[in-house]
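Chemist: Here is my input; please provide its structure:
(one chain, ligands or ions: 1)
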Amino acid sequence: MPLYYFGPVATFTHDAAGRFANMLPEVGDVLVPMATPSQVIQQVGAASDAAFGCVPLENSTEGSVRESWDTLAREVRRQTACGQPAPQLVAALTLRIEQHLLTFGEPDLSQVREVMSHPQALAQCREWLEQNLPHARQTAVASTADAARIVRETADPGLAAIGPRKAADVYGLCCRAERIQTFRDNMTRFGLLARTDHARAATTSRLQERLRELAGADAWTLALLLAGIENRPGGLMSALRPLHDEGFNLTRIESRPSGQRLGEYVFFLDVQWPADQPEPAASFAWRRVQNAWAQAGITVTSLGWFPDLGVFP
Ligand SMILES: O=C(O)C(=O)C[C@]1(C(=O)O)C=C[C@@H](O)C=C1
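Modeler: The predicted model follows:
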């Protein structure tokens, strides 16, 4: 079974996908790189057989990986609207992210005129770049590993990539400066995706059992998208009140433009799902929250209900 990931080989997402596959034998034996998180999500949605996907979700320094959330929301809404099964988040894990400056050979830093990486990685290293390479142009490319691939292909010591140590090994580059991210404890959360019909199939019901074993007594997360919250005094507050009334802990809220009209927003929510609650479909407390939202004309899209499998070095 394929596990699509945001590649190429040696991205941080590749590392995360490998860890999902090690922990969850049901998830897939062939890791298939895709050029963008959007392509991963679309591929999981379109696959006629069971398929999984791995994308970055959120970084502790730079926040949400918007492309992943926006595409997931769009695909789920689109597939649901035409009665098709949609991709959903089924698990998450967190990696410690250490960024390194990768070069062809060992140039003097004054020789480096351009630094390439994923925009999140460039932003995670902003302070080091300001202090050590103020003269170098910063260029956003598809991913950290893609930056390493370009540096290798051009074999130009004036170019550098920012990325994982693994990318230095895979693309034959030198680790010219180590751990250059601003915050030592830089972390990124990655999501594992599957399609909801596959989630009911035999493979993924075994997966659910395994996830329960791995998560133990830890809380799960319910990821949602809310649309139609009224733009009036207290509109957002009254949309959040049912969660408070039923004792649900909101762990993330993020507004994004609806795309329909300037000044109109949708909201991404992560709700911490207590270990002692039955699953969302069987929870009376959750039904009351949903009823309150339906009465207020708020549309809810579920993006997944999943455990966090922990933090990995
Ligand atoms: O470029 C990569 O290596 C990725 O896996 C992407 C990504 C991201 O999108 O956040 C993953 C982890 C790091 O935070 C930096 C980049």
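Chemist: Which helix or strand in the chain has the lowest average pLDDT?
Modeler: Within the chain, no helix or strand scores below helix 196-200, which has a mean of 65 by mean pLDDT, DSSP states H and E.
Chemist: Can you classify the residue nearest the centre of the chain by secondary structure?
Modeler: Centroid-nearest residue in the chain: residue 57, 1.8 Å away (criterion: CA atoms, centre = their mean). Three-state assignment for residue 57 (DSSP: H, G, I helix; E, B strand; the rest coil): strand.
Chemist: can you pull the contacts of it?
Modeler: For residue 57, the contacting residues are 64-65, 68-69, 92, 188-191, by CB atoms under 8 Å, 6 or more residues apart in numbering. Any C-beta I mention is one placed from the backbone N, CA and C, and that applies to glycine too.
Chemist: And for whichever residue of the stretch 201-313 of the chain sits closest to the ligand, the neighbour number?
Modeler: Nearest to the ligand in the stretch 201-313 of the chain, going by CB to the nearest ligand atom, is residue 312, at a distance of 12.7 Å. Look at residue 312: counted by other CB atoms under 10 Å, it has 14 neighbours.
Chemist: got it, and residue 280?
Modeler: Neighbour tally, residue 280, other CB under 10 Å: 18.
Chemist: thinking it is in contact with residue 286, fair?
Modeler: Yes. With contact defined as CB atoms under 8 Å, residue 280 reaches residue 286; the gap is 5.0 Å.
Chemist: The nearest residue to residue 173 once chain neighbours are set aside - how many residues pack around it?
Modeler: Counting by CB to CB, 6 or more residues apart in numbering, the nearest residue to residue 173 once its immediate chain neighbours are dropped is residue 102, at 4.2 Å. Residues near residue 102, counting by other CB under 10 Å, number 30.
Chemist: can you pull the buried residues of stretch 218-230?
Modeler: Residues 219-227, 229 are the ones in stretch 218-230 that count as buried (16 or more other CB atoms under 10 Å).
Chemist: and what of stretch 129-139?
Modeler: Under the neighbour-count criterion of 16+ other CB under 10 Å, stretch 129-139 has 129, 132-133, 136, 138 buried.
Chemist: Identify, by residue count, the longest helix of the chain.
Modeler: helix 66-81 (DSSP state H).
Chemist: by contact count, what packs against it?
Modeler: helix 37-46, strand 52-59, strand 87-96, strand 220-227, strand 249-257, strand 265-273, strand 299-312 (3 or more CB pairs under 8 Å, 6 or more residues apart in numbering; DSSP states H and E).
Chemist: Pipe the ones you listed into a markdown table and attach distance to residue 115 per row.
Modeler: Below are the helices and strands packed on helix 66-81 laid out as a markdown table (distance: least, CB to CB, whole Å):
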| stretch | distance to residue 115 |
| --- | --- |
| helix 37-46 | 22 |
| strand 52-59 | 18 |
| strand 87-96 | 22 |
| strand 220-227 | 33 |
| strand 249-257 | 28 |
| strand 265-273 | 31 |
| strand 299-312 | 27 |
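Chemist: In TSV: the ones you listed, plus mean pLDDT.
Modeler: Supplementary listing: the helices and strands packed on helix 66-81 in TSV, determined by pLDDT from 0 to 100:
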stretch	mean pLDDT
helix 37-46	94
strand 52-59	97
strand 87-96	96
strand 220-227	97
strand 249-257	96
strand 265-273	97
strand 299-312	95
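Chemist: and the one residue in the stretch 151-300 of the chain that gets nearest to the ligand, what element?
Modeler: Nearest to the ligand in the stretch 151-300 of the chain, going by CB to the nearest ligand atom, is residue 188, at a distance of 3.9 Å. Residue 188 belongs to strand 187-195 when assigned by DSSP states H and E.
Chemist: The residue of the stretch 151-300 of the chain closest to the ligand reaches residue 58, doesn't it?
Modeler: Yes. Counting by CB under 8 Å, residue 188 does reach residue 58; the two are 6.9 Å apart.
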